[in-house]
Structures are given as C-alpha cells and as structure tokens.
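Colleague: Need a 3D model of the sequence below.
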Amino acid sequence: MVHIPAITAVLLAFSLPVFAQVQAVSEEFNITSPLQSGIYVAGRKLPVTYYLLRESSSLKLNIYLVPINLNYPTAVIAQPADVSEDPSNTVTIHNKTYGQHSYNYDIPPIAPSGPYKVVFQSVNTHTNTSVDITIRPYVSPTPEAPTQTIGSSASPSAGSKLNISPSSNPTNNAAPASTEYKLSVALICIGALFITTLM
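Modeller: All right, here's what the predicted structure looks like:
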C-alpha cells in the first residue's frame with residue numbers, strides 16, 4: 001500500500017523543475033534564474049540564466065532590472081544578451097541539449113529595497129517576459145575587531161633608532177672600579193705611615 005505523503009513527495013519532486021523556470025512569451029527561451037518571487041540582497045549578485053528553445057539566429061534579446069514604484073532608474077543587465085549557440089555552454093533537459101547563457105549582475109548597494117522585475121525583452125517579437133523579485137537592503141560587512149598588541153607602549157618602534165651616549169648610560173661596574181682605586185691608595189698611605197712609625 002502506497003501512503004499519500006509518499007505520492008505527494010514524488011509529485012512535488014517532479015513538479016519542482018517546472019515551477020523553477022519561466023517560459024518566454026515568445027516561446028524562444030526558458031528562464032531558470034532569477035527565481036519567480038525570489039529574494040535577493042543589494043550589494044550582492046543577481047543570477048540570470050536562460051536557455052534557448054530553438055535556433056537563435058533571429059532572436060534579439062535585452063535584459064533589464066526594472067524597479068516597481070521605486071525612485072530608482074531601470075538598470076541594464078545585458079543589452080544585447082548573448083544568444084549564441086556555443087557547444088561549451090549547454091544544458092541537457094529530458095535527453096535534449098539546449099544552449100544556455102548566464103550573467104551574474106552586481107546589484108548596486110544603493111539599490112532601494114522593494115519589488116523589482118527582471119524583464120527579458122524579445123526585440124524581434126516585441127514581447128516582454130518578466131520575473132518578479134524582491135531586493136532587500138544592503139548589509140555592510142561587519143568590521144573586524146582590532147588586534148590588541150601585548151607589550152609596553154614605551155618600547156621603541158621597529159623603525160626607530162636608540163641613541164644612548166656612554167655618559168648617559170653608565171655601566172654598573174664604573175663605581176666599584178673607582179672605589180677599589182681609592183681603597184688601594186689609602187692602604188698604601190697607611191702602610192707607609194706604619195713603616196715610618198717603626199723607624
């Protein structure tokens with residue numbers, strides 16, 4: 001006996017590729033990205049991918065990012081878009097090979113958040129195919145915390161010269177040497193005085 005949830009899962013798995021793409025009004029190509037009702041972020045990439053359904057010599061295609069009720073100009077993603085039949089750029093669907101093309105459009109960080117349409121304009125057939133998306137506001141990267149340097153702030157920097165004259169940096173054995181000299185002279189004087197007294 002087959003459970004209903006299992007059947008639902010199978011049907012959903014087969015239906016995902018269908019909902020993940022939008023067919024052009026002119027039926028000349030299918031759009032696989034951006035996703036319909038997809039959410040994207042300003043300052044990041046907007047993937048744009050489509051594959052050709054038939055011979056493309058007559059196809060002339062432009063792609064635009066159009067804001068909906070926003071104070072922001074229409075942006076050109078590709079004009080004209082690539083419709084060449086390059087064997088190195090293909091996708092196989094149901095055992096059939098199609099020419100595929102992709103763009104990674106940099107959404108400007110200043111793009112206001114809100115609804116947009118990615119419009120695929122078929123110039124030769126005078127038809128437009130739109131994919132509705134939402135752009136979220138730009139999020140600036142978190143700055144890294146400054147690295148704390150362990151050590152005395154009074155220590156000299158790597159490029160500085162340490163200039164110490166001998167007079168300003170006396171050695172530790174200078175005082176003992178002078179004391180020994182004075183002690184020797186005193187002992188000689190005492191010895192001489194002692195000898196004179198004996199005589």
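
Colleague: Just the mean pLDDT for stretch 43-50, thanks.
Modeller: For stretch 43-50, mean pLDDT rounds to 98.

Colleague: does Val91 count as helix, strand or coil?
Modeller: Classification of Val91 using DSSP: H, G, I helix; E, B strand; the rest coil returns strand.

Colleague: For it, give the beta-bridge partners.
Modeller: Using DSSP bridges, the beta-bridge partners of Val91 come out as Tyr98.

Colleague: pretty sure it contacts Leu52?
Modeller: No. Using Cβ atoms under 8 Å, Val91 is not in contact with Leu52; the gap is 9.9 Å. C-beta coordinates here come from the backbone N, C-alpha and C atoms, glycine included.

Colleague: Could you please give me the overlap between the contact lists of the two?
Modeller: 98, 100 (Cβ atoms under 8 Å, 6 or more residues apart in numbering).

Colleague: So for these two, which sits in the more crowded spot?
Modeller: Neighbour totals were compared for Val91 and Leu52, and Leu52 leads with 22 against 15 (other Cβ atoms under 10 Å).

Colleague: For that one, which non-adjacent residue is closest in space?
Modeller: Gly99 (4.6 Å; Cβ to Cβ, 6 or more residues apart in numbering).

Colleague: give me every residue that touches the one you found.
Modeller: Contacts of Gly99 by Cβ under 8 Å, 6+ apart are 51-52, 56, 83-86, 89-90.

Colleague: so is Pro73 in a helix, a strand, or just coil?
Modeller: coil.

Colleague: what's the nearest residue to it if we skip its chain neighbours?
Modeller: Nearest in space to Pro73, with sequence neighbours left out and distances taken as Cβ to Cβ, 6+ apart, is Pro67 at 7.7 Å.

Colleague: so what's that neighbour up against?
Modeller: Pro67 neighbours (Cβ under 8 Å, 6+ apart): 73-74, 111-112, 114-116.

Colleague: and it, how far is that from Val118?
Modeller: As judged by Cβ to Cβ, to the nearest Å, Pro67 and Val118 stand 11 Å apart.

Colleague: After the worst-scoring helix or strand of the chain on mean pLDDT, which helix or strand is next?
Modeller: Least confident helix or strand of the chain, by mean pLDDT, DSSP states H and E, is helix 4-19 with a mean of 43. Following helix 4-19 in sequence order, the next helix or strand is strand 22-23 (DSSP states H and E).

Colleague: quick one, what contacts Glu27?
Modeller: Taking Cβ under 8 Å, 6+ apart, we find Glu27 in contact with Leu53.
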